[in-house]
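> One predicted model, sequence on top.
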Amino acid sequence: KHIGYRRELNQLYQSIFKNIDAVSVLTEPNEDYFSNHWLSSIKVDKSANFTREDLRLFLWDDNIESRPLWKPMHMQPVFKDAPYYGETMAEELFDTGLCLPSGSNLTAEDRDRISNKIHSFLKTYGHI
């Protein structure tokens with residue numbers, strides 16, 4: 001039941017951002033996967049006329065909490081002297097990724113408020 005709620009919320013985000021080339025909703029890579037969508041996240045392309053931080057603050061103004069994707073471990077102060085092996089994907093996701101409200105306890109009213117606020121943001125930036 002709760003997985004169903006989270007999957008529905010991810011579908012809502014996919015529908016909101018469907019025609020917004022600058023935003024991609026993170027989802028399963030293909031039909032062989034079945035995500036519980038414990039967390040729904042987006043990436044805002046660096047070529048967009050807004051950043052994930054612009055959207056985060058816009059939502060925050062209406063008391064809607066979202067947050068950047070996790071800061072990579074190798075960027076944490078405690079690991080500053082530890083060796084790091086990898087490319088730049090973790091940093092890119094941290095810079096452009098945003099975790100959207102994803103709780104299975106969100107009411108229909110909550111979902112409508114979140115959806116309306118995101119639509120208002122996209123309209124402000126000329127995407128609707």
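Right, received. Where do you want to start? Residues are numbered from 1 along each chain as shown.

> Where do the helices of the protein begin and end?
2-17, 52-60, 89-96, 108-124 (DSSP state H).

> Of these, give the one that comes closest to residue 36.
helix 2-17 (4.6 Å; Cβ to Cβ). Any C-beta I mention is one placed from the backbone N, CA and C, and that applies to glycine too.

> Go through the helices of the chain and name the closest to residue 81.
Nearest to residue 81, of the helices of the chain and by Cβ to Cβ, is helix 89-96 at 17.9 Å.

> elements contacting that closest one?
strand 40-44 (3 or more Cβ pairs under 8 Å, 6 or more residues apart in numbering; DSSP states H and E).

> Now render the helices of the chain as TSV, adding mean neighbour count.
Shown next, in TSV, are the helices of the chain (neighbours: other Cβ atoms under 10 Å):
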stretch	mean neighbour count
helix 2-17	16
helix 52-60	17
helix 89-96	15
helix 108-124	14
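
> Include mean pLDDT and distance to residue 46 when you put those into JSON lines, please.
JSON lines is the format used below for the helices of the chain (pLDDT from 0 to 100; distance: least, Cβ to Cβ, whole Å):
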{"stretch": "helix 2-17", "mean pLDDT": "96", "distance to residue 46": "16"}
{"stretch": "helix 52-60", "mean pLDDT": "98", "distance to residue 46": "10"}
{"stretch": "helix 89-96", "mean pLDDT": "94", "distance to residue 46": "6"}
{"stretch": "helix 108-124", "mean pLDDT": "97", "distance to residue 46": "17"}
